[in-house]
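K.L.:
Sequence and predicted model, in that order:
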Amino acid sequence: MNPIRLAKNWLSYRRTISELGGLSNQALNDIGLTRYDIRHVAARSFR
């Protein structure tokens with residue numbers, strides 16, 4: 001994987017964590033997630 005692609009994927013990972021982390025527990029529940037799930041979901045964007 002080239003460094004530019006790696007950097008873009010890392011930014012996407014961090015952005016996903018930030019956006020999901022900013023949601024309330026109720027909003028996360030509405031979309032079927034828990035706080036524990038956030039890193040797992042974000043990791044999918046890092047691949």
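P.N.:
Great, that's in hand. Residues are numbered from 1 along each chain as shown.

K.L.:
show me where pLDDT drops low in the protein?
P.N.:
For the chain, residues meeting the criterion pLDDT under 70 lie at 1, 45-47.

K.L.:
what's in contact with the helix or strand containing Ala27?
P.N.:
In the assignment (DSSP states H and E), Ala27 maps to helix 25-30. The contact list for helix 25-30, computed with Cβ atoms under 8 Å, 6 or more residues apart in numbering, reads 20, 34-35, 37-38. Quick note: C-beta positions are derived from backbone N, CA and C, even for glycine.

K.L.:
For Leu11, grab the count of nearby residues.
P.N.:
12 (other Cβ atoms under 10 Å).

K.L.:
ok, now Ala42?
P.N.:
19.

K.L.:
residues contacting it?
P.N.:
Counting by Cβ under 8 Å, 6+ apart, Ala42 has contacts 13-14, 16-17, 20.

K.L.:
Go ahead and list the helix or strand containing the closest residue to Gly21 other than its chain neighbours.
P.N.:
Nearest non-adjacent residue to Gly21, counting by Cβ to Cβ, 6 or more residues apart in numbering: Ile38, 6.0 Å away. Here Ile38 sits within helix 38-46, counting by DSSP H and E.

K.L.:
So what's the gap between that helix and the chain middle?
P.N.:
The chain centroid and the centroid of helix 38-46 are separated by 5 Å, computed with Cα atoms, centre = their mean, to the nearest Å.

K.L.:
Just the buried positions in the helix holding Ala27, please.
P.N.:
The neighbour-count check on helix 25-30 (16 or more other Cβ atoms under 10 Å) flags Leu28 as buried.

K.L.:
do you know how far Ser18 is from Ala42?
P.N.:
From Ser18 over to Ala42 the distance is 9 Å, taken as Cβ to Cβ, to the nearest Å.

K.L.:
So which bits of stretch 5-24 are buried?
P.N.:
Buried residues in stretch 5-24, counted by 16+ other Cβ under 10 Å: 13, 16-17, 20.

K.L.:
Return the distance of that stretch from the chain's centre.
P.N.:
5 Å.

K.L.:
ok, now stretch 16-30?
P.N.:
10 Å.

K.L.:
Dump it to CSV, restricted to CA.
P.N.:
Taking Å, rounded to 0.1, in the frame of the first residue of the first chain, the C-alpha atoms of stretch 16-30 are listed here in CSV:
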residue,chain,number,x,y,z
THR,A,16,-15.4,7.9,11.3
ILE,A,17,-14.4,7.5,15.0
SER,A,18,-14.9,11.2,15.6
GLU,A,19,-18.3,11.3,13.9
LEU,A,20,-19.7,8.2,15.5
GLY,A,21,-18.2,9.2,18.8
GLY,A,22,-20.1,12.5,18.7
LEU,A,23,-23.4,10.7,18.5
SER,A,24,-25.5,10.2,21.6
ASN,A,25,-26.0,6.7,22.9
GLN,A,26,-29.6,6.8,21.7
ALA,A,27,-28.6,7.8,18.2
LEU,A,28,-26.0,5.0,18.1
ASN,A,29,-28.7,2.6,19.4
ASP,A,30,-31.0,3.8,16.6
